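[1] next input, structure requested:
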Amino acid sequence: MKRTTFIRLFTLMALAFTVFSFTTKVGLDSYEIYLNNKLILKQSVNQPLSLRVLQLSQASSGDQLRINYKHCASPVTGTDRSIVLKDEKGNTLKKWTFADATGSDVSMTIPVKELLQLEKSNADHNLSLHYAARELPKGETLAFLHLK
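    So this is what the prediction gives:
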């Protein structure tokens, strides 16, 4: 009886090791948004959009918004990267394109001055930032903007 139990336990453990050794690492895309060098938003894409609001009311026109987007399953940061500013109807107001990241600096930088100008000319619209890359062609909503 003990031998049968031992064999079953050993078989179950061997099966578990075999199954887990062939599964891929599953993770989530994540990103960080900095105002100049201060972290103002750090998110995983599974978090609700209601938590993704950028408070830029204290930002000045000389500031820089820096976005670092990390893909979960890719050993490289995205290629053919872009950040798009859209209104609530999905209309593209501005698109910033970025070179493929090389080395340790994977950031994408947007001048706050441009965001403030776009917000002023679209004051009656809700604005949001979206990321897209070859690895994420449908894109991902990063945050809603609160500039006032």
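[2] go ahead and confirm residue 56 touches residue 115.
    Yes - when contacts are counted by CB atoms under 8 Å, residue 56 is listed as touching residue 115 (6.9 Å). For the C-beta atoms, the positions are set from N, CA and C on the backbone; glycine is no exception.
[3] show me the beta-bridge partners of residue 41.
    Taking DSSP bridges as the rule, residue 41 bridges to residue 33.
[4] I figured it hits residue 33, correct?
    Yes - using CB under 8 Å, residue 41 is in contact with residue 33, at 4.2 Å.
[5] now the common contact residues for those two.
    54, 143 (CB atoms under 8 Å, 6 or more residues apart in numbering).
[6] and the strands in this structure?
    Along the chain, the stretches classed as strands by DSSP state E are 30-35, 38-44, 53-55, 64-70, 81-86, 92-98, 108-111, 128-133, 136-146.
[7] middle-most residue in the protein, spatially?
    Nearest residue to the geometric centre of the chain (CA atoms, centre = their mean): residue 31, 3.8 Å.
[8] residues in contact with it?
    Counted by CB under 8 Å, 6+ apart, residue 31 has contacts 42, 43, 45, 67, 68, 69, 70, 131, 142.
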